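[1] Here is the input, now give the coordinates:
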Amino acid sequence: MSSSSGVLGEDIVSFGNQSELPPQRAVFGCENMETGDLYSQHADGIMGLGHGDLSIVDQLVDKGVISDSFSLCYGGMDVGGGAMVLGGIIPPSDMVFARSDPDRSPYYNIDLKEIHVAGKALPLSPKVFDGKHGTVLDSGTTYAYLPESAFAAFKDAIMKSVHSLKQIKGPDPNYNDICFSGSSSDSSQLSKTFPSVDMVFNNGQKLSMSPENYLFRHSKVRGAYCLGVFQNGKDPTTLLGGIVVRNTLVTYDREHEKIGFWKTDCSKIWERLHISTSPAPLPTISNTTNTTTDMAPRLAPREPPRYDIPGVIKIGLITFYMSLSVKYSDLKPHISELAKFISEELAVNVSQVRLMNFTSKGNDSLIRWGIFPPQSDDYIANASAMDIIARLNENRVHLPDSFGSYKLFKWKIEPPPERTWWQQHSVTIVSTSVVLIVLGLLASGLWFLWRRREQSLVTYKPVDSAVPEQELQPI
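    Numbering: from 1, shown residues only. So this is what the prediction gives:
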């Protein structure tokens, strides 16, 4: 048994600089304890791609970032690699589909009807694959687990087909594995000694599997292999893990409630699924040629990313520390020059790079730098912020030797500062005040001109001039 426990967190999720998906704020789990195979395996944790509010797929779909579909391509027995595609793709013409009922369970189900070994159907009722949760496809499970009767029939059919091989003990004495020796150590030659296995779905479509889809390599005996299919205890659920889809592209088309399977070399598929930064016409899919070389992805249509929508963080400041083996007294005259080099290495304007504070200890200096938004913006665009952080994380900041040895660490992002009422309305207030002042000055000028004009129309009379008698009035 394996277990995992931890806490829920919330942060920005980014899929790299080459991804067309904009960074998104998402809820995710952070492990702090693992037991069993989860702890001993090479992989570090599990990424939840199932149904539910906490699934990264559901979060991206709900925000309109991708269509309700994703694909996984699993590496083979001897070859690693693989790919994950978020959003829809153009399915190859020979992709095999099985219906997936989202209401059946919280897992990804397929309607398995029959299993064939060496071309012959196992003597089982289709109902055996429909118990409890039905047939579940679980990428987080390593092997395959069948109900009791189905496992017995499968094991007997395999052993009848490999009677020429010697049955040996498994690599771990704690498990009663079914293993065989005498086969080729080259996994590509396994079909010469082990039978093919087919899964038939209710729609009549059939997924043909090679031996690597039900065998795992014996770790102690060269040329020996063990069954990677086990009995699922007394549980009537059929559980198909990652071994079943080795070197298989699996498309989880949740929008149309179906799952597609396409046998291919997953170590090379990323080159065919890679999205360039400059969109090019998509190749067509040919029905007569090998679709391995013709398949191309089609992402769900979307608008250019916006960074002012709810759920997308606004980054107002990026800070990081730089330690240098230079005395600050010697470094101080060259701070502007250093800021220029940093701006060039981070691909930002030099006005965005500012010294926040510094400390000096002996012959070393510690500087805290801040990367601010461009002067005309209130925050840094998420794509630019992710690029800056990637350059810091990957040590892509290179300074001249004159600055000695240096180290960048402890970067941090901060939201834009909350603006006060005055800051939010200062431009309007100042603009209104200027307009009122101009209008006031204009009014004063007009009044002054009017008074001058009125005075010019009045006849001037000296104080000592005689006043005509007819103008005198009695008091």
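[2] gap between the nearest residue to residue 189 once chain neighbours are set aside and residue 407?
    Counting by C-beta to C-beta, 6 or more residues apart in numbering, residue 189 lies nearest to residue 183, which is 7.8 Å off, once chain neighbours are set aside. C-betas here are computed from N, CA, C, even on glycine. Applying C-beta to C-beta, to the nearest Å, the value for residue 183 to residue 407 is 53 Å.
[3] okay, these two: which has more neighbours?
    For residue 183 and residue 407, the more surrounded residue by other C-beta atoms under 10 Å is residue 183, and the numbers stand at 23 against 11.
[4] give me every residue that touches the more buried one.
    165, 189, 190, 193, 194, 223, 224, 225 (C-beta atoms under 8 Å, 6 or more residues apart in numbering).
[5] Tell me if I'm right that the third one and residue 216 touch.
    No. Assessed by C-beta atoms under 8 Å, residue 190 is found out of contact with residue 216, at 11.4 Å.
[6] Spit out the residues that contact those two alike.
    Both residue 190 and residue 216 are contacted by residue 225, under the criterion C-beta under 8 Å, 6+ apart.
[7] any idea how far residue 61 is from residue 127?
    Per C-beta to C-beta, residue 61 is found 34 Å from residue 127.
[8] okay, the two: which has more neighbours?
    A count of neighbours by other C-beta under 10 Å puts residue 61 above the other of residue 61 and residue 127, at 20 against 9.
[9] what comes into contact with the helix or strand encompassing that one?
    Assigned by DSSP states H and E, residue 61 belongs to helix 56-62. By C-beta under 8 Å, 6+ apart, the list of residues contacting helix 56-62 from outside reads 13, 21, 24, 26-28, 47-53, 66-68, 70, 86, 254.
[10] at 6 Å what do you get?
    Around helix 56-62, the neighbours that count as contacts under C-beta atoms under 6 Å, 6 or more residues apart in numbering are 26, 49, 66, 68, 70.
[11] which helices and strands does whichever helix or strand comes after it pack with?
    Downstream of helix 56-62, the first helix or strand assigned by DSSP H and E is strand 69-74. When contacts are defined as 3 or more C-beta pairs under 6 Å, 6 or more residues apart in numbering; DSSP states H and E, strand 69-74 packs onto strand 82-86, strand 248-253.
[12] Report the next helix or strand after the first one in sequence order.
    Towards the C-terminus, the helix or strand next in line after strand 82-86, according to DSSP H and E, is strand 96-99.
[13] From the contact counts, what lies against that next one?
    Packed next to strand 96-99, using 3+ C-beta pairs under 6 Å, 6+ apart, are strand 258-263.
[14] Give the pairing partners of the strand it packs on; include direction for each.
    Strand 258-263 pairs in its sheet with strand 96-99 (antiparallel), strand 248-253 (antiparallel), by DSSP bridges.
[15] So which of those strands is nearest residue 138?
    In terms of C-beta to C-beta, the element of those nearest to residue 138 is strand 248-253, at 11.4 Å.
[16] Contacts for the closest one, please.
    By C-beta under 6 Å, 6+ apart, the residues outside strand 248-253 that reach it are 69, 70, 71, 72, 73, 259, 260, 261, 262, 263, 264.
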